[in-house]
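Undergrad: Model the structure of this input:
(chains A and B)
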Amino acid sequence: MINLRINGDMRAVDVPGDMPLLWVLRDILGLTGTKFGCGIAQCGACTVHLDGIPVRSCLLPVGTIGERAITTIEGIAETPNGAKIQKAWLDLEVIQCGYCQSGQIMSATALLNVTPNPDDADIDAAMAGNICRCGTYVRIREAIKQAAKSV
Amino acid sequence: MFDATATRAGPTRRTFLKAGAAVGGAFLLGFHLPSAMAANAETTVFAPNAFIRIDRQGKVTLIMPQVEMGQGIYTTVAMILAEELDAAFDQVVLEAAPPNDALYANPTFRIQVTGNSNSVRAFWLPLRKAGAAARALLVEASARIWQVDPATCRTDSGEVFHDASGRKASYAALVEHTAGLTAPADPPLKSTANFKLIGQSLKRLDTPDKVNGKVIYGIDAMPPGVTFATLAACPVFGGKVGHVDDSKAKSLPGVRQIVVLDDLVAVVGDHMWAARQGLEALKITWVEGPNAAVSSDDVWKQLRAASEKEGVTARSVGDATGALSKGELIEAAYELPFLAHATMEPMNCTVHLTADSCEIWVGSQVLSRAQAVAAKITGLPLEKITVHNLLIGGGFGRRLEVDHIDKAVRIAQQVAAPVKVVWTREEDIRHDVYRPVYRDRLSATLSGGRIVGWKHRITGSSIIARWLPPAFQKGIDIDAIDSAADIPYDIPNLSVDYVRDEPPAMPTGFWRGVGPNNNVFAIESFMDELARKAGKDPVAFRRDMLGKAPRLQAVLDLAAAKAGWGNPLPPRMGRGIALQTSFGSYIATVAEAEVDEAGEIRVRRIVSAVDTGIVVNPDTVVAQVQGGLIFGLTAALYGEITIDRGRVQQSNFHDYRMLRIDQTPAIEVHLIKSGEAPGGIGETGTTAAPPALGNAIFAATGVRLRRLPIDRSLLAGRKVG
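TA: Have a look, this model is predicted:
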């Protein structure tokens, strides 16, 4: 059994330690908001937080997480920056198909956690690992700036 | 054309079982659509196609014939219906239509399909008439109760008013009084000046659940007892499974079953990780078949040879041969590569098959075909096959195909439990249905700064011949010639012909932008070449030949003004223009790009001016153009699928690259106010970006790019002013 702290809840899962967190979340725990996109940490769709830091869950062995707190898209509204990002995403209608947006929101929230007022270069550096095939980047940029300004 | 009846029916239609059973006593309006492709009145098929349902609590349910894949169509279609119904938009609830061609066929294609940027164009009038007919029935019901002339009543936000007597009634209260009334055959439509919803940037109905992980895409289906599978099809197109050694895979924890079919192997497990581990542990010997030696060189040799043949004439004006024989003949050929769709949601399909039923969870642009393919494989009648159409994590044409459903159902035939089949990204890239390679040969003659002779030969695969055979007539693929046969420039002598050439090995399919992709790239690149030959500015050269296309002239002027066309730029930077009339919309796009000494390209800014007729939801139109431009930039800068030994060489996002945020230019989209019927928008940006960028790079470097993706080695080390 592996014990995980996910969105504030303790969950025990009977899975191999080398199983990536992505599949534990999706297939074992039914937390399907975290998405599979590439499986090789190239697209960012699977981004979650470990102690507030963004990680690609598709390559993260679940046995290495230990005590660190996992936050997924299902729990991000409970964090102040997560809620701000979600609101800005809706206010500016960032989303199209939405499949990558869980990962985008997780990366954007993590950016605000460390850089409260990001400029374009900060945004590029923090968000370049998240692919959006619908091409919502222009609005992602605006929405991060709006969220940073909001209280 | 309407055959609407108000009933107090409960679940009178099987397709309504889910909602109807829960509601009961609902107002149900079916309506008939004219079939746009019918040859004459005798063969016209009238069939109910979409529905409005209002329950006694006043909830207005709109049954959505079109599927949501990010283009905002749920909101747009709901706005059109609600506008004429005069419903309060916050009372509107959406329900995805079940598979049923008879009820929900797209009026243009006659099957249930969402594609070709056609939803608003196809359903604009039918849905307005449906809304207006429903509204007229509710007014009629209230007028009878009040014993007044219906003409003295008005409606607003889900209520009927009789101002003279100060009475009003909610639609909810009127539901039971609509029984026995007949809807008007030709209800009056609102004048555009009276639109309350259309033209507003209303908030999208599908997005709130997309910020919190609640939205369910096909890949998120979790029916009770579901198992997880992933698959490998023969890496060589058309190959078969030879031998499978599963001794190691079978012993892995979590692996339940190895499924070996004629053309693929799947591993079923307790979760996707087990399935993937199991698949990697298999030793599969393939029988590679007739395509085992095919390479990209073979593809291009065949295509180039085919483009030397005479094609089937798609359009002929004046005397092209005569006009092309006088003066300097300017010639160029343009080539586009195979492309994968790479939707962010990899291909997947979940199936629960029992002896007498089949339940499918999937995101599909062709719902009735999804059902039909399952029926064909299982032998079950259509009514035994339930398809849950979930939201789509990117379509772009990929989900106009049903190969993923075909494979999942065949795997499910071997599995006792519900099975979710998820493709790896590698499988998704290597077994796509690819945007075909195209070769466009153009030639022209000039006189007095204008084009006097024009010949355009398009050579490529016919997707239509496979996908919609009745539409493939007399050797012409109507998609492949789209935006070429109807070139907007005023050219006195022109000829457009088409050579069908099916590439070896590679399956071909629709890809965002479809036929106009190659045609707009070729034509607008060539127009730029001709402008230089004529010694004219590329904007002025085009403008002088748009006398018969005032809407295009207007967007050209707007885009040029907004982009600062003609203002000086620093060295190594250039602006390029591209025009198009594709999908019923008129668009001019200016790209501004910088090329460094290593040949790397920085797209700095894109300005598009758009006349797409009446705009239902302006913000959605802007979003579609922004996203479409980025999709087109990705193709121009990076997109190419190649094959070697019959296998696709790319596999994932590291070698099939996508534009990322740090390469994204500033994008401005300017909409022109128009009273014309709406055009299509979802694919327009994709067709616009590559030629605008190519022309900008020419302006920056003097290098003419006639192939995509852009070859940086042609630009490297280039000394420019």
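Undergrad: drop to CA atoms for contacts and neighbour counts, all remaining ones
TA: OK.
Undergrad: Give me the most central residue, chain A.
TA: The residue lying closest to the centre of chain A (C-alpha atoms, centre = their mean) is A:Met106, at 2.7 Å.
Undergrad: so who does residue 67 touch?
TA: You didn't pick a chain, so chain A it is. A:Leu4, A:Arg5 (C-alpha atoms under 8 Å, 6 or more residues apart in numbering or on different chains).
Undergrad: wait, chain B
TA: B:Val67 makes contacts with B:Ile73, B:Tyr74, B:Ala96, B:Thr114, B:Ser364, B:Gln365, B:Leu391, B:Ile392, as judged by C-alpha under 8 Å, 6+ apart.
Undergrad: just checking, which of those belong to strands?
TA: B:Ala96 (DSSP state E).
Undergrad: Looking at chain A, what residue ends up closest to chain B?
TA: A:Cys97 (3.4 Å; C-alpha to the nearest C-alpha).
Undergrad: what about B:Val265, is that helix, strand or coil?
TA: Put simply, B:Val265 is strand when judged by DSSP: H, G, I helix; E, B strand; the rest coil.
Undergrad: Could you check how many residues crowd around it?
TA: B:Val265 has 21 neighbouring residues, counting by other C-alpha atoms under 10 Å in any protein chain shown.
Undergrad: list the contacts for the residue nearest to the centre of chain A?
TA: A:Thr47, A:Val48, A:His49, A:Pro54, A:Thr72, A:Ile73, A:Ile76, A:Gly82.
Undergrad: give me the element the fourth one is part of.
TA: This means A:Pro54. Counting by DSSP states H and E, the element that carries A:Pro54 is strand A:53-56.
Undergrad: where along the stretch 351-500 of chain B do the helices fall?
TA: Applying DSSP state H, counting those that start in this stretch to the stretch 351-500 of chain B gives helices spanning B:367-378, B:403-412, B:425-430, B:463-467.
Undergrad: can I see the domain layout of chain A?
TA: Per automatic domain parsing, the structural domains of chain A span A:2-71, A:76-149.
Undergrad: which of these sits most buried?
TA: Greatest average neighbour count among these goes to domain A:76-149 (a mean of 22), per mean count of other C-alpha atoms under 10 Å in any protein chain shown.
Undergrad: measure that domain end to end?
TA: Counting by C-alpha to C-alpha, to the nearest Å, you get 19 Å between the two ends of domain A:76-149.
Undergrad: what's the pLDDT at the residue nearest to the centre of chain A?
TA: At A:Met106, the pLDDT value in this model is 98.
Undergrad: Just checking the distance from the helix or strand encompassing it to the centre of its chain.
TA: Assigned by DSSP H and E, A:Met106 belongs to helix A:101-114. Mean C-alpha position of helix A:101-114 versus that of the full chain (C-alpha atoms, centre = their mean, to the nearest Å) differs by 6 Å.
Undergrad: Same check on stretch B:162-169?
TA: Using C-alpha atoms, centre = their mean, the offset of stretch B:162-169 from its chain centre is 46 Å.
Undergrad: With only the CA atoms kept, save it in PDB.
TA: The C-alpha coordinates for stretch B:162-169 follow below in PDB (Å, rounded to 0.1, in the frame of the first residue of the first chain):
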ATOM      1  CA  HIS B 162     -50.300  41.100 -23.800                       C
ATOM      2  CA  ASP B 163     -49.500  44.600 -23.000                       C
ATOM      3  CA  ALA B 164     -52.900  46.100 -23.600                       C
ATOM      4  CA  SER B 165     -54.400  44.000 -20.800                       C
ATOM      5  CA  GLY B 166     -51.200  43.800 -18.700                       C
ATOM      6  CA  ARG B 167     -51.300  40.000 -18.800                       C
ATOM      7  CA  LYS B 168     -48.300  37.700 -19.100                       C
ATOM      8  CA  ALA B 169     -47.600  34.000 -19.000                       C
END
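Undergrad: And the contacts of that stretch?
TA: Contact with stretch B:162-169 is made by B:Ser142, B:Thr152, B:Cys153, B:Arg154, B:Glu159, B:Val160, B:Phe161, as judged by C-alpha under 8 Å, 6+ apart.
Undergrad: Buried only: go through those for me.
TA: The neighbour-count criterion (16 or more other C-alpha atoms under 10 Å in any protein chain shown) marks B:Ser142, B:Cys153, B:Arg154, B:Glu159, B:Val160, B:Phe161 among the contacts of stretch B:162-169 as buried.
Undergrad: Enumerate every residue touching the nearest residue to B:Asn617 once chain neighbours are set aside.
TA: Counting by C-alpha to C-alpha, 6 or more residues apart in numbering or on different chains, B:Asn617 lies nearest to B:Ser201, which is 4.9 Å off, once chain neighbours are set aside. Contact partners of B:Ser201, counting by C-alpha under 8 Å, 6+ apart, are B:Asn617, B:Pro618, B:Asp619, B:Thr620.
Undergrad: mind listing what the nearest residue to A:Ile105 once chain neighbours are set aside touches?
TA: Once flanking residues are discounted, A:Ile105 sits nearest to A:Ile85: 6.6 Å by C-alpha to C-alpha, 6+ apart. Taking C-alpha under 8 Å, 6+ apart as the criterion, A:Ile85 is in contact with A:Ile105, A:Ala108, A:Thr109, A:Ala143, A:Ile144, A:Ala147.
Undergrad: Surely the second one and A:Met127 touch.
TA: Meaning A:Ala108. Yes - contact criterion C-alpha atoms under 8 Å: A:Ala108 and A:Met127 qualify, at 7.0 Å.
Undergrad: could you measure the closest residue to A:Ile53 other than its chain neighbours against A:Val62, distance?
TA: Of all residues not flanking A:Ile53 in the chain, A:Ala110 sits nearest, at 6.1 Å (C-alpha to C-alpha, 6+ apart). As defined by C-alpha to C-alpha, A:Ala110 lies at a distance of 21 Å from A:Val62.
Undergrad: so where do the helices sit in chain A?
TA: A:21-23, A:80-91, A:101-114, A:120-127, A:137-149 (DSSP state H).
Undergrad: Need the CA coordinates for the third one. CSV is fine.
TA: Included here for helix A:101-114 are C-alpha records, laid out as CSV according to Å, rounded to 0.1, in the frame of the first residue of the first chain:
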residue,chain,number,x,y,z
GLN,A,101,-6.4,23.3,-19.8
SER,A,102,-6.1,21.3,-16.6
GLY,A,103,-2.4,21.3,-17.1
GLN,A,104,-2.3,24.9,-18.3
ILE,A,105,-4.2,26.0,-15.1
MET,A,106,-1.9,24.0,-12.9
SER,A,107,1.2,25.5,-14.5
ALA,A,108,-0.2,29.0,-14.4
THR,A,109,-1.1,28.7,-10.8
ALA,A,110,2.3,27.4,-9.9
LEU,A,111,3.8,30.4,-11.7
LEU,A,112,1.8,32.8,-9.6
ASN,A,113,2.8,30.9,-6.5
VAL,A,114,6.4,32.0,-7.1
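Undergrad: now the angle between helix A:80-91 and it, please.
TA: Relative orientation of helix A:101-114 and helix A:80-91, computed by axes from the mean of the first three to the mean of the last three C-alpha atoms, to 10 degrees: 130 degrees.
Undergrad: Could you pull up the residues touching B:Ile672?
TA: By C-alpha under 8 Å, 6+ apart, the neighbours of B:Ile672 are B:Val555, B:Ala609, B:Val610, B:Asp611, B:Thr612.
Undergrad: in chain B, what spans have low per-residue confidence?
TA: Scanning chain B for pLDDT under 70 picks out the ranges B:1-51, B:719-721.
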